[in-house]
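In: Sequence and predicted structure, then a few things I'm wondering about:
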Amino acid sequence: MGDLYILNTRCQLTESIRRAFEEAGLVVKVSTESGVSDENLRGAEGFTAICIFVNKKISPEQVEIIKNNGTKLILHCSAGFDNSPTQELREAGVRVARVPSYSPASIAEYAVTQMMALAKNTHMSYVMTKKADFEISNMQCILMENKTCGIIGTGLIGRMTAKKVSGLMDRVLCYDVFPDNDWIKTIGNAEYADLDSVLQKSDFISIHVPLLPQTFHLINETAFDKMKDGVILINTSRGEIVEIPALIRALESGKLWGCALDVFEGEKKYIFHDQSKKGFREHPDLGRLAEMDNVILSSHIAFYTDQAVEQITAKTLENYLGFIGRNSIDDKAFVV
């Protein structure tokens with residue numbers, strides 16, 4: 001029997017987790033394939049746990065393979081766990097653990113960086129000057145200090161983002177289904193408001209909610225219609241929260257000044273993979289966004305800092321050691 005089978009992420013996180021588990025005296029195997037094919041999952045036969053990341057999705061049909069392998073635990077190296085069929089895993093006697101939080105500052109910094117890039121057109125300037133094009137006719141920028149930033153979701157990441165933008169903009173409007181009135185008082189220019197008010201009054205909107213049935217396509221055509229003209233939208237949470245066809249229409253109509261997506265609906269085939277030879281044939285809406293000068297796309301990298309990798313690694317090891325009885329279990333980390 002082995003301890004951990006890692007579905008290869010082809011990034012530093014895989015090596016960090018492998019090394020940490022081996023230093024703890026545990027037996028680790030890393031898959032050669034990066035996908036979640038049936039064959040790849042069968043490679044976990046005899047291993048207590050399978051380690052997966054956000055770009056790996058286990059289907060309900062594959063739970064039988066996991067059960068037959070003798071696997072008892074799915075370790076998510078992320079806060080989200082919507083890529084696991086939790087009900088089917090529970091019925092199969094397989095537990096699921098996650099990393100509830102890791103370096104919220106990493107994602108908050110990324111969100112604020114993209115706000116500034118879009119407001120100041122730095123992404124466009126970079127591309128143009130590389131071609132010796134120093135024309136400025138379409139480069140007028142937005143002043144941020146007299147603006148309002150809307151924060152949708154005030155978990156750890158949303159709070160950190162609110163804190164960072166509070167020094168850049170005059171006002172921070174926050175929405176959360178469970179508002180924390182004690183926390184909001186720690187930021188002098190922040191206040192809670194209902195979702196419609198955040199949409200209607202914000203010049204910048206940053207999304208920080210989990211993917212739940214209630215948040216699926218939360219930002220849709222109706223939501224865009226409520227926004228100011230010229231708003232900047234940032235999504236570093238989950239791709240399915242923003243409806244892409246509605247987003248495209250909002251960009252084409254000028255409703256949005258621009259948007260930055262570190263996550264997007266249908267991202268599983270793209271993030272962490274080089275798809276340059278295939279292009280966007282399988283996702284034409286994403287291809288349309290990639291063509292737009294006022295859109296910044298990235299590959300789910302907002303979290304990806306040295307600190308985040310260290311924290312994810314440490315918590316993943318802690319979750320496993322808790323499961324096998326070498327330390328206590330963190331109930332907040334185990335979702336099944």
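Out: In hand now; what should we look at?
In: The nearest residue to E33 once chain neighbours are set aside and R95: what is the separation?
Out: Spatial nearest neighbour of E33, excluding adjacent residues (CB to CB, 6 or more residues apart in numbering): N40 at 4.6 Å. For the C-beta atoms, the positions are set from N, CA and C on the backbone; glycine is no exception. Distance, N40 to R95, by CB to CB, to the nearest Å: 21 Å.
In: How about residues contacting stretch 165-179?
Out: 112, 115-116, 144-155, 158, 162, 184, 187-195, 197-198, 201-204, 206 (CB atoms under 8 Å, 6 or more residues apart in numbering).
In: hey, C-alpha coordinates of that stretch in CSV?
Out: C-alpha atoms of stretch 165-179 as CSV (Å, rounded to 0.1, in the frame of the first residue of the first chain):
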residue,chain,number,x,y,z
VAL,A,165,-8.2,48.8,-2.7
SER,A,166,-9.4,51.0,0.3
GLY,A,167,-6.1,52.9,-0.1
LEU,A,168,-6.6,53.4,-3.9
MET,A,169,-10.3,54.4,-4.1
ASP,A,170,-12.6,56.7,-2.2
ARG,A,171,-15.2,54.1,-1.4
VAL,A,172,-15.5,50.3,-1.0
LEU,A,173,-19.0,48.7,-1.3
CYS,A,174,-19.2,45.1,-0.1
TYR,A,175,-21.8,42.4,-0.5
ASP,A,176,-22.0,39.1,1.3
VAL,A,177,-24.9,36.9,2.3
PHE,A,178,-23.4,36.8,5.8
PRO,A,179,-22.1,40.4,6.4
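In: Now for E282: which residues touch it?
Out: Counting by CB under 8 Å, 6+ apart, E282 has contacts K269.
In: So which residue is dead centre in the protein?
Out: S237 (4.1 Å; CA atoms, centre = their mean).
In: that older thread, mind checking which of the contacts of stretch 165-179 are in strands?
Out: 148-152, 190-192, 204, 206 (DSSP state E).
In: Next, format those residues as a markdown table and append neighbour count and distance to P100.
Out: What follows is these, written out as a markdown table (neighbours: other CB atoms under 10 Å; distance: CB to CB, whole Å):
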| residue | neighbour count | distance to P100 |
| --- | --- | --- |
| T148 | 19 | 30 |
| C149 | 30 | 25 |
| G150 | 28 | 25 |
| I151 | 30 | 19 |
| I152 | 25 | 20 |
| A190 | 21 | 23 |
| E191 | 14 | 27 |
| Y192 | 17 | 23 |
| F204 | 27 | 27 |
| S206 | 29 | 20 |
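In: next one: stretch 307-314 to chain centre, how far?
Out: Distance, stretch centre to chain centre, for stretch 307-314: 16 Å (CA atoms, centre = their mean, to the nearest Å).
In: again with stretch 99-115
Out: Worked out by CA atoms, centre = their mean, stretch 99-115 lies 9 Å from the chain centre.
In: for stretch 92-108, same thing?
Out: Worked out by CA atoms, centre = their mean, stretch 92-108 lies 11 Å from the chain centre.
In: Alpha carbons of that stretch, as PDB, please.
Out: Coordinates of each C-alpha in stretch 92-108 appear next as PDB, following Å, rounded to 0.1, in the frame of the first residue of the first chain:
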ATOM      1  CA  ALA A  92     -18.600   5.000  -1.500                       C
ATOM      2  CA  GLY A  93     -17.000   5.700   1.900                       C
ATOM      3  CA  VAL A  94     -14.400   8.100   0.500                       C
ATOM      4  CA  ARG A  95     -13.600  11.200   2.400                       C
ATOM      5  CA  VAL A  96     -12.800  14.600   0.800                       C
ATOM      6  CA  ALA A  97     -10.500  17.300   2.300                       C
ATOM      7  CA  ARG A  98      -9.500  20.700   1.000                       C
ATOM      8  CA  VAL A  99      -7.300  23.600   1.900                       C
ATOM      9  CA  PRO A 100      -9.800  26.200   3.300                       C
ATOM     10  CA  SER A 101      -7.500  29.100   2.800                       C
ATOM     11  CA  TYR A 102      -4.000  29.800   1.500                       C
ATOM     12  CA  SER A 103      -2.400  33.200   1.100                       C
ATOM     13  CA  PRO A 104      -5.500  35.300   0.500                       C
ATOM     14  CA  ALA A 105      -3.000  38.100  -0.100                       C
ATOM     15  CA  SER A 106      -1.800  36.400  -3.300                       C
ATOM     16  CA  ILE A 107      -5.200  36.500  -4.900                       C
ATOM     17  CA  ALA A 108      -6.100  39.900  -3.600                       C
END
